[in-house]
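> Quick one: sequence plus predicted model below, questions after.
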Amino acid sequence: DTAVSQTPKYLVTQMGNDKSIKCEQNLGHDTMYWYKQDSKKFLKIMFSYNNKELIINETVPNRFSPKSPDKAHLNLHINSLELGDSAVYFCASSQDKNYGYTFGSGTRLTVV
Amino acid sequence: ELKVEQNPLFLSMQEGKNYTIYCNYSTTSDRLYWYRQDPGKSLESLFVLLSNGAVKQEGRLMASLDTKARLSTLHITAAVHDLSATYFCAVDDYKLSFGAGTTVTVRA
């Protein structure tokens, strides 16, 4: 059983398109996150939701819109995709930070 | 804003020798994590360090935390090829902030 699962694993799309990435966790965690890893492997938080409520919203273009229908799911919708959006997007979850964070396998987004 | 600095960024290790990766950070947080990432893979949790003086060991890896110096170290003992990966430290204040990662290559 995968603890934090993301779909799709790979996403290739043209500039200007709108796409979504889905994330589900079966760990019963209250908090979920989206991280972006760029081509230099640098990881930066984008959003965090706690029990469906947005708690962290970093300086991310408003073309990115997270949605959490329930505490087990956190989806990421991206409008009007740009070349610079190409990256690997990781979903993560946590319950008690003393036990750390669990990351999904990542979605490699390529915008052409 | 919290800064997390890792060094070195690249580490070429010889099998059998010992090495250390350093992680300096700019906040007073006492929660620090080490992750491993293989190419094209997810982040695997290695260690969770929660207090000053915390030391944890798993196999050939040992991590420690000095919150007063705002420094964590990841020590590698007798490097083996399987340890080739990118290692990240991350510090938690109200959000998890990562260092730039240390890409480790182990050569025979």
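Perfect, thanks for sending it.
> Around chain A, pick out the residues from chain B.
B:31, B:33, B:35, B:37, B:41-43, B:45, B:48, B:50, B:86, B:88, B:90, B:92, B:94-98, B:100-101, B:103 (C-beta under 8 Å from any C-beta of the partner chain). Backbone N, C-alpha and C define where each C-beta goes, glycine included.
> Swap in 7 Å and give it another go.
Where proximity means C-beta under 7 Å from any C-beta of the partner chain, the interface of chain B facing chain A comprises B:31, B:33, B:42-43, B:45, B:48, B:50, B:86, B:88, B:92, B:95-96, B:98, B:100-101.
> So the helix or strand of chain A with the lowest mean pLDDT, near chain B or not?
In chain A, the helix or strand scored least confidently by mean pLDDT, DSSP states H and E is strand A:53-57, which has a mean of 90. Yes - against chain B, strand A:53-57 shows contacts by C-beta under 7 Å from any C-beta at A:I56.
> now for that strand, which elements pack on it?
Strand A:53-57 makes packing contacts with strand A:43-50 when contacts are defined by 3 or more C-beta pairs under 7 Å, 6 or more residues apart in numbering or on different chains; DSSP states H and E.
> angle of the strand it packs on against strand A:53-57?
160 degrees (axes from the mean of the first three to the mean of the last three C-alpha atoms, to 10 degrees).
> circling back to that earlier point, could I have the PyMOL command that selects the buried members from the residues of chain B next to chain A?
The following PyMOL command selects only the buried members of the residues of chain B next to chain A, with burial defined by 16 or more other C-beta atoms under 10 Å in any protein chain shown:
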select buried, chain B and resi 31+33+42+43+48+50+86+88+92+96+98+100+101
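> and the least confident of the residues of chain B next to chain A?
By predicted confidence (pLDDT), the lowest-ranked of the residues of chain B next to chain A is B:K95, with 88.
> show me what contacts it?
Remark: with contacts taken as C-beta atoms under 7 Å, 6 or more residues apart in numbering or on different chains, B:K95 is in contact with A:45, A:48, A:56.
> So for A:D1, what's the pLDDT?
69.
> Also B:E5?
Per-residue confidence at B:E5 stands at 97 (pLDDT).
> if I look at it, how far off is B:C23?
Computed as C-beta to C-beta, to the nearest Å, the B:E5 to B:C23 distance reads 7 Å.
> And the contacts of B:K95, which is closest to A:P66?
Distances from A:P66 to those, taken as C-beta to C-beta, are shortest for A:S48 (8.9 Å).
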